[in-house]
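J.: quick one: sequence and predicted model below, then my questions.
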Amino acid sequence: MRTGIAVAVYPPFIHSTGELMSEPAAILTLPAAVLAFLWASERERLRAWLLPGFLFGLTAMFRPEYLLVAAAFAVLAAVRVGRARGWRPGLAGASLLVAALLLPIVPWTIRNIVVLDRLVPISTGGGKALYVGTFYPADGEYQRVKAILYERYDHRSLPPSSEALNEVDPVPLFDRVANEYRARKGEPGLSRDAALGKIGRENFSKYFGEDPLGYLGMTARKVGRIWSSGVGEAMSSTAGRVVQLLIVFAGLAGFALLGMRRRWWELAALATPIVIVTAVGAISLAAPRRNEVLMTLVFPLAALALSSALSALSSRREWSPPQSPSETSSQPN
């Protein structure tokens, strides 16, 4: 009940629905997929693994980074079934999960091969995200990268937080970066996304090699940016950031409680998407949008921590020893 209320009033969920973004659909399918995974792990029939596989496939269609999450859950399914029933049933269960996972993805991949004339499983854009995320002079922050590119090519300086910069079309800027790389490498047929991805890998080698501690510091700040606020004005304010951090810390306490109670599979199922998507953001583009879908898993963890704390407080009050009559009579009037 407490989790449902929190989800209903959490401002980023309302904001994204109003903006017609892809997150609201994944907000439904990700927790459904995790619950289906836990449900399938308790079933005797291997065909139960088709349901979580299909739901993870839908989630990946909405947010491509969850394709890595789905692959990790296939491994978890193999381990879960393998430990209980042997490695052959484990591989069979994982295979069924992967088959159902591919069901919503393969038709779209075929369409991309026809339209784009190259293999793109779900969407383009990964190269651009890697380029931005490894741009050390801009601390891996999109608006600062955009400001630097605008100054480089248009010879005008705009603050990263300015409305004027928001109105600048970023497409020509990234096109010029990719065009320069194609010309330098003599690869005119290279797609823009592939070119930006290669530059991103070069950025990592260069900047990490020159200043590994500084680059690790940038990565830590990127993780902080992912989790310290949410999408929309409400969660970007100081009060919103405080609330966001309190929820996140309560979620971490929920993880600790699951570990103390030895609920290992529930812990693994909830932690896997959070860890993988956070790692993707740390490597590439770090934005509050990364945490929005994951908050559907953080809320029940936070609710577990808060309900456990309230239960402990109420038990302590209930079992507090009453005062003896002599103690009561000795108190001054």
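T.: Happy to help now that I have it.

J.: so which helix or strand takes in Pro59?
T.: Small correction: residue 59 is Thr, not Pro. helix 50-62 (DSSP states H and E).

J.: so what does that helix touch, helix or strand wise?
T.: In terms of contacts (3 or more CB pairs under 8 Å, 6 or more residues apart in numbering; DSSP states H and E), helix 50-62 is packed against helix 23-40, helix 66-85, helix 87-102. No exception for glycine: its C-beta is placed from N, CA and C like everyone else's.

J.: list the contacts of the nearest residue to Ala286 once chain neighbours are set aside.
T.: Leaving aside its sequence neighbours, Ala286 sits nearest to Lys222 (CB to CB, 6 or more residues apart in numbering; 3.6 Å). The contact partners of Lys222, by CB atoms under 8 Å, 6 or more residues apart in numbering, come to Gly133, Asp139, Gly140, Gly281, Ala282, Ala286.

J.: one more: Ser284?
T.: Gly126, Ala129, Leu130, Val132, Gly133, Thr134, Gly200.

J.: do Met295 as well
T.: Counting by CB under 8 Å, 6+ apart, Met295 touches Tyr10, Pro12, Phe13, Gly230, Ile247.

J.: which SS state does the last one fall under?
T.: Translated: Ile247. Recorded secondary structure, Ile247: helix (DSSP: H, G, I helix; E, B strand; the rest coil).

J.: same deal with the second one?
T.: Following three-state DSSP, we place Pro12 in the helix state.

J.: how much space between it and Ala303?
T.: Noted for Pro12: a distance of 18 Å to Ala303, by CB to CB, to the nearest Å.

J.: hmm, back to that, pick out the most distant pair among the contacts of Met295.
T.: Using CB to CB, the contacts of Met295 reach their maximum pairwise distance at Phe13 and Ile247, which is 12.7 Å.

J.: quick revisit: looking at Pro12 and Ala303, which is more packed in?
T.: Pro12 (25 against 20; other CB atoms under 10 Å).

J.: what about that one, distance to Gly86?
T.: For Pro12 relative to Gly86 (CB to CB), the value is 44 Å.
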